[in-house]
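> quick one, fold the following:
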Amino acid sequence: MLRILIADDHDLARAGLRGLLASEPTIAIVGEALDGRHALALCAECQPDLVLLDVRMPQMDGLAATRAIKAAYPQVRVLIVTLHASLEYLVEAIKAGAAGYVLKEASRAELIEAINQVNRGDTFLNQGLMVQALQRLANEPPGARAMPGVALTPRERDVLRLLVEGRTNRQIGQHLAISPGTVKIHVEHIIAKLGVSDRTQAAVRAIELRLL
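Got it, this is the predicted structure:
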């Protein structure tokens, strides 16, 4: 059972998300938060696997909440669910550690797919928007923290390059003619070598360090 926490300052938005997910037999809504600070507190109480976060909320917005949740509970995945089709928000969400970014206009099927994909450890982002976001990151000054000891194998670099493009493990496997399970192992090695908690942060760190 996938344990989900919903965070949105609008009652109707929370009710809408709850209604969309109510009939899913593998999903349990374990809590609802009114803002980012409340969501952070409920993570300790409800122990969710995944948090659905709005971007614009009082007290602590979704981006600040994502950073705080990932710092305190790195195993918890965050999926941004928002009205704002903003490249700026998307870039900041990726940098904060969000594993996905979904618009509230998405269909129920798209939301369920986003949840399932993020739960599998993949990133759920529109590929075109993902490429734009990562290109934006690539144009920023290199990160201050250098990691000269990072040594990726040629195959890991191939996987990382496709990961940065927003490909899923299945898509990477098809492109490289290897199994999704083998891709998953490579991704785990990449995440460990880069010292990050998930594949989205691996993409961000790879670009910050100019590894590709």
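> mind listing the helices for the protein?
Secondary structure of the chain (DSSP state H): helices at 11-21, 36-46, 62-72, 87-96, 108-119, 127-138, 154-164, 169-176, 180-194, 199-208.
> the shortest one versus helix 154-164: what angle between them?
To tie it back to what came earlier, the one meant is helix 169-176. Inter-element angle recorded for helix 169-176 and helix 154-164: 130 degrees (by axes from the mean of the first three to the mean of the last three CA atoms, to 10 degrees).
> which stretches of this protein have low pLDDT?
126-131, 134, 137-138, 140-149 (pLDDT under 70).
> if you set the cut-off to 80 instead, what comes out?
85-87, 122-123, 125-150, 165-166, 197, 200-201, 204, 207-208, 210, 212 (pLDDT under 80).
> if we can go back for a sec, in a markdown table, list the helices of the chain along with mean neighbour count and distance to Val55.
To be clear about C-beta, it is placed using only N, CA and C from the backbone, and glycine gets the same treatment. Converted to a markdown table, the helices of the chain look like this (neighbours: other CB atoms under 10 Å; distance: least, CB to CB, whole Å):
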| stretch | mean neighbour count | distance to Val55 |
| --- | --- | --- |
| helix 11-21 | 15 | 12 |
| helix 36-46 | 19 | 10 |
| helix 62-72 | 21 | 4 |
| helix 87-96 | 20 | 5 |
| helix 108-119 | 18 | 15 |
| helix 127-138 | 16 | 14 |
| helix 154-164 | 19 | 23 |
| helix 169-176 | 18 | 27 |
| helix 180-194 | 17 | 25 |
| helix 199-208 | 23 | 16 |
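> what's the closest of the ones you listed to Leu52?
helix 11-21 (6.2 Å; CB to CB).
> against which helices or strands is that closest one packed?
Applying 3 or more CB pairs under 8 Å, 6 or more residues apart in numbering; DSSP states H and E, we find helix 11-21 packed against strand 2-7, strand 27-33, helix 108-119.
> in CSV: the helices of the chain, plus distance to Leu52.
Shown next, in CSV, are the helices of the chain (distance: least, CB to CB, whole Å):
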stretch, distance to Leu52
helix 11-21, 6
helix 36-46, 9
helix 62-72, 10
helix 87-96, 13
helix 108-119, 8
helix 127-138, 19
helix 154-164, 23
helix 169-176, 22
helix 180-194, 23
helix 199-208, 16
